[in-house]
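>>> next comes the sequence, and after it the predicted model I'd like to discuss.
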Amino acid sequence: MNYRFLRPGALAVCAVIVAVGTSWAQRPMEEPAPKAPVDPIVAAIIKEATENSQLQTLGHELMDGIGPRLVGSPKMKEANDWAVQKYTSWNIPARNEKWGEWRGWERGTTHIDMLSPWVKSLAGTQLAWSPSTKGKAVTGDVVVLPDLADSVAFQQWLPQVKGKFVMISMLQPTGRPDHNWEEFGKKESVDKMKSERDKLTEAWNARIKKTGKTIQTLPLALEKAGAAGIVTSYWSRAFGADKIFGARTKKIPTIDVQMEDYGLLYRLTESGKPTKISVTANSKETGIQPTYNTLAEIKSTVKPNEYVMLSAHFDSWDGGTGATDNGTGTLVMLEAMRILKLVYPNPKRTILVGHWGSEEQGLNGSRAFVEDHPEIVSNLQALFNQDNGTGRVTTITGQGYLHAYDYITRWLSKVPDEYKTDLVTTFPGTPGGGGSDFASFVAAGAPGFSLSSLSWAYGTYTWHTNLDTYDKIVFDDVRNNAILAAILVYQACEDPNKTSTERSVLPFNTRTNQPGKWPELRKATRKGGLD
């Protein structure tokens, strides 16, 4: 899931919040109202999802068998082909549709050892697209980026990095997550820790700024000065969790060392003890690679040129196996399509599913689809996207569409209460400017909606981290989401009316001091990773 395009300061106006999973309290002495009979298609969806779930098998094959799905990597293409094969085995026509090209890179092994002042193998990995050490161990002393006066002092210091590994991340004052402090610590201890951390963070940011570089441009400057490698640690404030993104270097390795071992290196180096590490970081450049969206379709013979879409991004970062970002969203859409083909094979509108590429680099696959298929986007009845972890869906907003309350509430009324117990809707809501692939459609004025999930500590434990693995999947919640998605698609297909996309008047944006604006339509990056 990509958060870079969220619109800070945006406010929902005229919001109507409806807890759709709760029923009105019964009046005294009245007989409870009889339950409406369950639609036979809805009953069949629930029965198939409950008695013949394929989620665990699909999850094992995708996360354990194929693994992480970095854009441009062989694993991404393997996943595309696997999805086509799965749909074909369910008699659902599917294809991989090329949308662009990306720098090809294949992860190999990473081994990091501290050689002095004593010997220890360190926990860590190379970042995505890190240059390879080509099977050789690179050995060098460790230095910490010093607190220099200004960019002139930085340039004078730079020659000292030649042949050394440079640590460019802050030393964390504690390895315990906030919830652990708050459970066991005295209030004054917790407050003291947080205050100290805030001061250290501010001071470290100032240290980076005084070099005249940013955290993005600093690694390349160190590389040009002859550094042996870059050492980072992006702790996610959870036990054992580091966020693993992409390297900025072109020739030397960039490694993320887990917080505990990073702190060890930092403290030893700062105390004046000569500290040496050895790094072997194997990887393979595979040239420019085609990139794909995987699409599958259940064609309608009633309204074949009107569409209801399921949506989830297929790519991931590759510190873990992309289980909750966005393996679980992918599983929801696969399972919903499988079930719909069995119990609702002749829909009144064409059902499409999009498994998008390169969401993590800026919603590129879905933006390309919006550009390439105006005939679908302009005839879209609804799109349902899921992409924020393994939890059951708890929020749907109207994305700024004035009449979304009418059709979404009507469709949800057909969902049995046990599958929407915690679900809250907000109308009209505010159009999402980013965050996930539904925003690509909203920017085009199409009715795209996010099925937003319960956290399960997603932001700290699994979002883009080394811990985003199969064992973090909560299959009961994923099954709940597959049932919900399938019923919503069924209802959107059956609805005799075309959905309205009339936009609400957006609130004044206090951040920009301007009237609210609908998110702008952005072009996809079709050639990536080459700069």
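Alright, I've got the coordinates.
>>> just the CA atoms of the lengthiest helix in the chain, as PDB, please.
Looking across the chain with DSSP state H, the single longest helix is helix 187-210. Extracted in PDB, the C-alpha atoms of helix 187-210 (Å, rounded to 0.1, in the frame of the first residue of the first chain):
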ATOM      1  CA  LYS A 187       3.900   7.600  33.300                       C
ATOM      2  CA  GLU A 188       6.900   9.700  34.000                       C
ATOM      3  CA  SER A 189       9.100   7.100  32.400                       C
ATOM      4  CA  VAL A 190       7.000   6.900  29.300                       C
ATOM      5  CA  ASP A 191       6.800  10.600  28.900                       C
ATOM      6  CA  LYS A 192      10.500  11.000  29.400                       C
ATOM      7  CA  MET A 193      11.200   8.300  26.800                       C
ATOM      8  CA  LYS A 194       8.900  10.000  24.200                       C
ATOM      9  CA  SER A 195      10.400  13.400  24.900                       C
ATOM     10  CA  GLU A 196      13.900  12.100  24.500                       C
ATOM     11  CA  ARG A 197      13.000  10.300  21.300                       C
ATOM     12  CA  ASP A 198      11.400  13.500  19.800                       C
ATOM     13  CA  LYS A 199      14.500  15.500  20.600                       C
ATOM     14  CA  LEU A 200      16.800  12.900  19.100                       C
ATOM     15  CA  THR A 201      14.700  12.700  16.000                       C
ATOM     16  CA  GLU A 202      14.700  16.400  15.600                       C
ATOM     17  CA  ALA A 203      18.500  16.500  16.100                       C
ATOM     18  CA  TRP A 204      19.200  13.700  13.600                       C
ATOM     19  CA  ASN A 205      17.000  15.400  11.000                       C
ATOM     20  CA  ALA A 206      19.000  18.600  11.500                       C
ATOM     21  CA  ARG A 207      22.300  16.600  11.200                       C
ATOM     22  CA  ILE A 208      21.200  15.300   7.800                       C
ATOM     23  CA  LYS A 209      20.000  18.700   6.700                       C
ATOM     24  CA  LYS A 210      23.400  20.400   7.600                       C
END
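>>> any idea of the mean pLDDT for it?
What helix 187-210 shows for mean pLDDT is 98.
>>> toward the C-terminus from it, list the very next helix or strand.
Remark: after helix 187-210, the chain's next helix or strand is helix 218-224, criterion DSSP states H and E.
>>> contacts for that following helix?
Identification of contacts with helix 218-224 by C-beta atoms under 8 Å, 6 or more residues apart in numbering yields 145, 158, 161, 166, 168, 208, 211, 213, 230, 247-252, 254. Every C-beta, even on glycine, is put in place using the N, C-alpha and C of the backbone.
>>> closest to Tyr470 among those residues?
Comparing these against Tyr470 with C-beta to C-beta places Ala247 closest, at 25.9 Å.
>>> got the contact list for that closest one?
Gln126, Leu127, Ala128, Trp129, Ser130, Pro131, Pro219, Ile230, Pro253, Thr254.
>>> hang on, isn't Ser440 packed against Leu363?
Yes - counting by C-beta atoms under 8 Å, Leu363 is a contact partner of Ser440 at 5.1 Å.
>>> does Asp113 count as helix, strand or coil?
Assigned with DSSP: H, G, I helix; E, B strand; the rest coil, Asp113 falls in the strand class.
>>> and it, bridged to which residues?
Beta-bridge pairing for Asp113 (DSSP bridges): Ser121, Ser278.
>>> okay, it: pLDDT?
pLDDT recorded at Asp113 is 98.
>>> how about low-confidence regions in this protein?
Residues of the chain meeting the criterion pLDDT under 70: 2-36.
>>> just name the closest of the contacts of helix 218-224 to Asp81, please.
Taking C-beta to C-beta as the measure, Asp81 lies nearest Ala247 of the contacts of helix 218-224, at 27.2 Å.
>>> okay, the closest one and Gln289: tell me how far apart.
Look at Ala247 and Gln289: by C-beta to C-beta, to the nearest Å, they are 18 Å apart.
>>> check Leu383 too.
Taking C-beta to C-beta, one finds Leu383 at 27 Å from Gln289.
>>> Thr291: how many residues sit nearby?
Thr291 has 26 neighbouring residues, counting by other C-beta atoms under 10 Å.
>>> Thr501 against Tyr401, yeah?
Yes - using C-beta under 8 Å, Thr501 is in contact with Tyr401, at 5.7 Å.
>>> neighbour count for these two, which is higher?
For Thr501 versus Tyr401, neighbours defined as other C-beta under 10 Å are more numerous around Tyr401 (27 against 18).
>>> my read is that the more buried one contacts Gly448, right?
No - with contact defined as C-beta under 8 Å, Tyr401 does not count as touching Gly448 (9.7 Å).
>>> quick one: contacts for Gly391?
For Gly391, the contact set (C-beta under 8 Å, 6+ apart) comprises Ser453, Leu454, Ser455, Trp456, Tyr458, Val474, Asp477.
>>> in strands, which of these fall?
If you go by DSSP state E, the contacts of Gly391 have Ser453 in strands.
>>> can I get the CA coordinates of the helix or strand encompassing Val308 in CSV?
Assigned by DSSP H and E, Val308 belongs to strand 303-313. What follows is strand 303-313, C-alpha atoms only, in CSV (Å, rounded to 0.1, in the frame of the first residue of the first chain):
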residue,chain,number,x,y,z
LYS,A,303,-25.1,-5.4,-20.1
PRO,A,304,-21.8,-6.6,-21.3
ASN,A,305,-20.4,-3.0,-21.6
GLU,A,306,-21.2,-2.0,-18.1
TYR,A,307,-18.7,-3.1,-15.5
VAL,A,308,-18.3,-4.0,-11.8
MET,A,309,-14.7,-4.3,-10.7
LEU,A,310,-12.7,-6.0,-7.9
SER,A,311,-9.3,-4.4,-7.3
ALA,A,312,-6.1,-5.1,-5.4
HIS,A,313,-2.5,-4.4,-6.1
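>>> C-terminal to it, what's the next element?
Strand 303-313 is succeeded, C-terminally, by helix 328-343 (DSSP H and E).
>>> packing partners of that next one?
Judged by 3 or more C-beta pairs under 8 Å, 6 or more residues apart in numbering; DSSP states H and E, helix 328-343 is in contact with helix 40-51, helix 55-59, helix 74-89, strand 276-298, strand 303-313, strand 349-356, helix 475-494.
>>> for that helix, C-alpha coordinates in PDB please.
The C-alpha trace of helix 328-343 is given here as PDB (Å, rounded to 0.1, in the frame of the first residue of the first chain):
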ATOM      1  CA  THR A 328      -4.600 -10.500   1.600                       C
ATOM      2  CA  GLY A 329      -6.300  -8.100  -0.700                       C
ATOM      3  CA  THR A 330      -5.200 -10.300  -3.600                       C
ATOM      4  CA  LEU A 331      -6.700 -13.400  -1.900                       C
ATOM      5  CA  VAL A 332     -10.000 -11.600  -1.300                       C
ATOM      6  CA  MET A 333     -10.400 -10.800  -5.000                       C
ATOM      7  CA  LEU A 334      -9.300 -14.200  -6.200                       C
ATOM      8  CA  GLU A 335     -11.700 -16.000  -3.800                       C
ATOM      9  CA  ALA A 336     -14.500 -13.600  -4.600                       C
ATOM     10  CA  MET A 337     -14.100 -14.200  -8.400                       C
ATOM     11  CA  ARG A 338     -13.900 -18.000  -7.900                       C
ATOM     12  CA  ILE A 339     -17.100 -18.000  -5.800                       C
ATOM     13  CA  LEU A 340     -19.000 -15.700  -8.200                       C
ATOM     14  CA  LYS A 341     -18.100 -17.800 -11.200                       C
ATOM     15  CA  LEU A 342     -19.600 -20.900  -9.400                       C
ATOM     16  CA  VAL A 343     -22.800 -19.300  -8.000                       C
END
